[in-house]
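Asks: This is the structure alone, sequence omitted:
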């Protein structure tokens with residue numbers, strides 16, 4: 001999705017299309033995995049919030065598929081960016097976006113410990 005999405009409008013449209021396509025195939029549970037990214041005027045947080053909005057809008061429109069968003073980490077990026085992703089996932093969950101989780105919280109903690117040690 002990253003190569004085809006350079007704006008928040010693209011991210012929203014592509015997310016909705018992915019969810020709708022899977023639902024059309026009678027999928028009842030979908031885990032979307034994405035690495036938050038920034039590009040131009042798009043921050044990592046606005047990217048994730050846009051994906052969340054697309055999923056919620058599909059649900060509000062009567063979608064039956066259960067969608068969970070898994071935020072992943074790009075291990076080639078700095079540990080600080082990984083920790084930012086983990087904190088973002090926590091904030092979104094606190095805001096009531098239960099479908100968001102960080103798939104790499106343990107990896108981020110291990111990476112932070114490794115960076116501090118070495």
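Replies: That came through fine. Worth saying up front: this structure is predicted, and the values here are computed from it rather than measured.

Asks: Without its sequence neighbours, what residue ends up closest to residue 66?
Replies: residue 29 (4.8 Å; CB to CB, 6 or more residues apart in numbering). Quick note: C-beta positions are derived from backbone N, CA and C, even for glycine.

Asks: what's the one you found sitting at in phi/psi?
Replies: With angles defined as degrees, to the nearest 10, residue 29 sits at phi -140, psi 130.

Asks: Near it, how many other residues are there?
Replies: 9 (other CB atoms under 10 Å).

Asks: Roughly how far does it sit from residue 75?
Replies: Relative to residue 75, residue 29 is positioned 27 Å away (CB to CB, to the nearest Å).

Asks: Just the pLDDT for the residue lying closest to residue 8 once chain neighbours are set aside.
Replies: Of all residues not flanking residue 8 in the chain, residue 50 sits nearest, at 4.8 Å (CB to CB, 6+ apart). We have a pLDDT of 93 for residue 50.

Asks: In three-state terms, label residue 50 for me.
Replies: helix (DSSP: H, G, I helix; E, B strand; the rest coil).

Asks: Touching, it and residue 13? I think so.
Replies: No - using CB atoms under 8 Å, residue 50 is not in contact with residue 13; the gap is 9.9 Å.

Asks: more crowded one of those two?
Replies: Taking other CB under 10 Å, residue 50 and residue 13 do not tie; residue 50 has more neighbours (21 against 15).

Asks: ok, that one - contacts?
Replies: 8, 11, 12, 15 (CB atoms under 8 Å, 6 or more residues apart in numbering).

Asks: which helices and strands sit right next to the helix or strand hosting the third one?
Replies: To tie it back to what came earlier, the one meant is residue 12. Applying DSSP states H and E as the criterion places residue 12 in helix 8-24. In terms of contacts (3 or more CB pairs under 8 Å, 6 or more residues apart in numbering; DSSP states H and E), helix 8-24 is packed against strand 29-34, helix 44-60.
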